[in-house]
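Enquirer: Here you go, sequence then predicted model.
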Amino acid sequence: MLFAIIDYLSYRDHKGHYSFREIERNGGLLGINENCPNPAAIPPFSSLFYHPINSFISWIIMYYTDSLWSHYAMFLRNGYLTDQTTGGSTIHPFCDYLDGNGYIKIFIPKFDILKEQIDKLEEAATRKIGNKI
């Protein structure tokens, strides 16, 4: 329990592996428009990892997964993401993450994606909207 409290205080104070410098060293960028000027150009099936600056629930996830990233979403077309939350599956614009309250890391796959695969992904994501995981 003591280690968890110390880790949470490190997160709240942005120290150690939760420091902004460490997040940036691991590929994170502050989630602001200037760091992602054209979200619609991010190809489908790309991954978004998110580190909020101040969220107790996100800290719990990071603590128990031993990760800097508490949240994951997958890009669809035109800058939209499909994402799982405690409220269920959602589709929303990437710009929702560009409010300066967290760090983002985007992983773009190195393989070709067929239009049919993108269509299936979007159809499955749309079918799951609102469904709890």
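Expert: Happy to help now that I have it. Residues are numbered from 1 along each chain as shown.

Enquirer: where does the protein have low pLDDT?
Expert: Residues of the chain that meet the criterion pLDDT under 70 lie in 131-133.

Enquirer: rerun that using 80 as the cut-off
Expert: 84-88, 125-133 (pLDDT under 80).

Enquirer: for it, longest helix please?
Expert: helix 115-128 (DSSP state H).

Enquirer: Tell me the buried residues in that one?
Expert: Ile118, Leu121, Glu122, Ala125, Lys128 (16 or more other CB atoms under 10 Å). From N, CA and C alone the C-beta is placed, and that goes for glycine too.

Enquirer: okay, now Trp59: neighbour count?
Expert: For Trp59, the neighbour count with other CB atoms under 10 Å is 19.

Enquirer: That one is in what secondary structure piece?
Expert: helix 56-65 (DSSP states H and E).

Enquirer: Can you identify the element that follows that helix toward the C-terminus?
Expert: As assigned by DSSP H and E, the chain's next helix or strand after helix 56-65 is strand 71-75.

Enquirer: if we can go back for a sec, which one among the buried residues of helix 115-128 gets closest to Asn101?
Expert: Using CB to CB, Ala125 is the member of these that lies nearest Asn101, at 24.3 Å.
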